[in-house]
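A.B. asks: pasting a predicted model and its sequence here:
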Amino acid sequence: MSVKHAQPNLSQSQASELVKRLYGLTTSEVRSLPSYDDQNFYVAAEGGEYVLKIMNTEDSKKPDLIELQTYAMSFLHKNGLPAQTALPNTSGQLMTLEEIDCGYGCQKYLVRLLTYLPGTTISKTPLTPQLLFEAGKTAAKMDKTLEKMDHPNLRLLERENFIWSLSSVALLDAYIHALDGDPLQELIKSVIRQYETYVVPRRSNFRKCINHGDFNDLNVLVQPDESGGYRITGILDFGDMNSGYYIHELAITIMYMMTEHPEPVEVGGPVLAGWESVLPLNEVERDCLYLLVMSRFCQSLVIARYTVTLHPENAEYLMISSRRGVAIFSQLLELGKERVEKLWFESAAQFGGSK
């Protein structure tokens with residue numbers, strides 16, 4: 001699941017030289033931006049602001065998939081959603097495979113220059129019910145728009161055995177040994193079993209779509225609006241796009257917004273109300289929502305713990321969100337499906353009524 005040296009490590013001067021050579025732009029400022037396994041730079045050049053994105057070596061071997069993700073971003077942008085778009089380089093291409101030495105020999109990396117979206121991550125913003133409603137609504141609009149997208153490589157989104165797909169929860173069995181000796185392991189196993197016995201047989205009633213797959217607190221940008229609240233100004237990182245189901249995107253959105261809220265259980269209602277203002281759930285989808293949120297927590301917790309065994313030097317960073325996740329996961333388990341769903345659906349109904 002992780003490959004040594006997969007992540008690029010360019011210096012700022014290498015990034016600057018790349019922008020000049022590929023795009024003919026002279027940079028006035030270059031600085032690092034956070035990224036999970038690629039490398040991103042903020043670039044100011046000749047009156048414009050951009051993000052230089054250098055993909056890790058593994059993803060760079062999948063140019064057709066990256067091209068499809070780039071197309072999806074542009075498609076959403078054209079349809080009024082705040083996604084980045086890629087700029088053509090001097091040869092008119094939206095991405096190129098570059099051979100670069102980051103200190104461990106020449107490796108091949110896919111390079112794109114994307115538009116820079118203003119705003120701060122939603123993780124740094126007070127999550128008011130109104131903003132949570134907007135998050136749910138935006139996630140639903142995004143998936144509904146992606147459903148209209150046509151592209152010759154759409155089949156590439158059928159990502160069999162993709163560890164982050166909510167259709168692949170059973171794959172966690174191969175990594176759960178990372179929690180050996182931790183009482184959390186048995187709780188996670190019990191949720192995986194419930195997923196297999198309760199969710200999987202009902203999946204034929206879920207409505208299919210294309211999922212962004214990672215609508216999390218660091219991939220959503222916001223800016224203050226006129227009314228003293230916030231509006232969503234950016235949707236980032238399409239690397240986890242996959243063929244899935246509408247209900248998966250909703251569960252993912254609820255789960256990640258919970259990790260940033262002082263009262264996590266209260267998050268579900270407004271997000272659900274926002275989602276249903278665009279796409280009302282059917283009965284089976286409603287019935288599986290709690291277990292899908294729990295399953296996403298399982299994915300997040302198991303994969304974080306497993307990644308720590310591969311990269312112990314990043315343990316502190318990897319475990320920050322994980323520690324918060326464990327507390328919320330335990331709280332949701334303790335409350336149980338019935339009580340949590342009652343809370344979410346009643347709160348969503350009230351929110352809908354007050355709109």
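C.D. replies: All right, it came through fine. Numbering: from 1, shown residues only.
A.B. asks: what mean pLDDT does stretch 141-161 get?
C.D. replies: Mean per-residue pLDDT for stretch 141-161: 96.
A.B. asks: what residues does it touch?
C.D. replies: 64-65, 67-68, 71-72, 75-76, 79, 81, 165, 168, 171, 209-212, 215, 235, 241-243, 246, 249, 278-279 (CB atoms under 8 Å, 6 or more residues apart in numbering). (Each C-beta comes from the backbone N, C-alpha and C, glycine too.)
A.B. asks: redo that, cut-off 6 Å
C.D. replies: 64-65, 68, 71, 75-76, 79, 81, 209-210, 212, 241-243, 246, 249, 278 (CB atoms under 6 Å, 6 or more residues apart in numbering).
A.B. asks: any idea which helix or strand comes after the one helix or strand residue 19 maps to?
C.D. replies: For residue 19, the element it lies in under DSSP states H and E is helix 12-23. Sequence order places strand 27-33 as the next helix or strand after helix 12-23, per DSSP H and E.
A.B. asks: next, the buried residues of that next one.
C.D. replies: 27, 30 (16 or more other CB atoms under 10 Å).
A.B. asks: which helices and strands sit right next to it?
C.D. replies: helix 12-23, strand 39-45 (3 or more CB pairs under 6 Å, 6 or more residues apart in numbering; DSSP states H and E).
A.B. asks: most tightly packed of the ones you listed?
C.D. replies: strand 39-45 (a mean of 20; mean count of other CB atoms under 10 Å).
A.B. asks: distance from the helix or strand where residue 328 lies to the middle of the chain?
C.D. replies: Remark: residue 328 resides in helix 315-354, with elements defined by DSSP H and E. Centroid separation between helix 315-354 and its chain, computed with CA atoms, centre = their mean, to the nearest Å, is 18 Å.
A.B. asks: buried residues in that helix?
C.D. replies: 318-319, 321-322, 325-326, 328-329, 332-333, 337, 340-341, 344-345, 347-348, 351-352.
A.B. asks: how about the strands in the stretch 1-150 of the chain?
C.D. replies: Secondary structure of the stretch 1-150 of the chain, counting by DSSP state E, counting those that start in this stretch: strands at 27-33, 39-45, 48-54, 96-101, 106-115, 120-121.
A.B. asks: can you list the helices and strands packed on strand 27-33 in JSON lines and add distance to residue 191?
C.D. replies: Putting those into JSON lines (distance: least, CB to CB, whole Å) gives the following:
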{"stretch": "helix 12-23", "distance to residue 191": "42"}
{"stretch": "strand 39-45", "distance to residue 191": "33"}
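A.B. asks: using TSV, lay out those together with mean pLDDT and distance to residue 143.
C.D. replies: Shown next, in TSV, are the helices and strands packed on strand 27-33 (pLDDT from 0 to 100; distance: least, CB to CB, whole Å):
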stretch	mean pLDDT	distance to residue 143
helix 12-23	94	32
strand 39-45	94	25
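A.B. asks: looking at the ones you listed, which is nearest to residue 113?
C.D. replies: helix 12-23 (5.6 Å; CB to CB).
A.B. asks: now the closest one, how far from the centre of its chain.
C.D. replies: On CA atoms, centre = their mean, the centre of helix 12-23 falls 28 Å from the chain's centre.
A.B. asks: what helices or strands is it leaning on?
C.D. replies: Against helix 12-23 (3+ CB pairs under 6 Å, 6+ apart) you get strand 27-33.
A.B. asks: next, the angle from the strand it packs on to helix 12-23.
C.D. replies: 120 degrees (axes from the mean of the first three to the mean of the last three CA atoms, to 10 degrees).
A.B. asks: on that earlier part again, now do the helix holding residue 328, average pLDDT.
C.D. replies: pLDDT averaged over helix 315-354 gives 87.
A.B. asks: now stretch 116-131
C.D. replies: 94.
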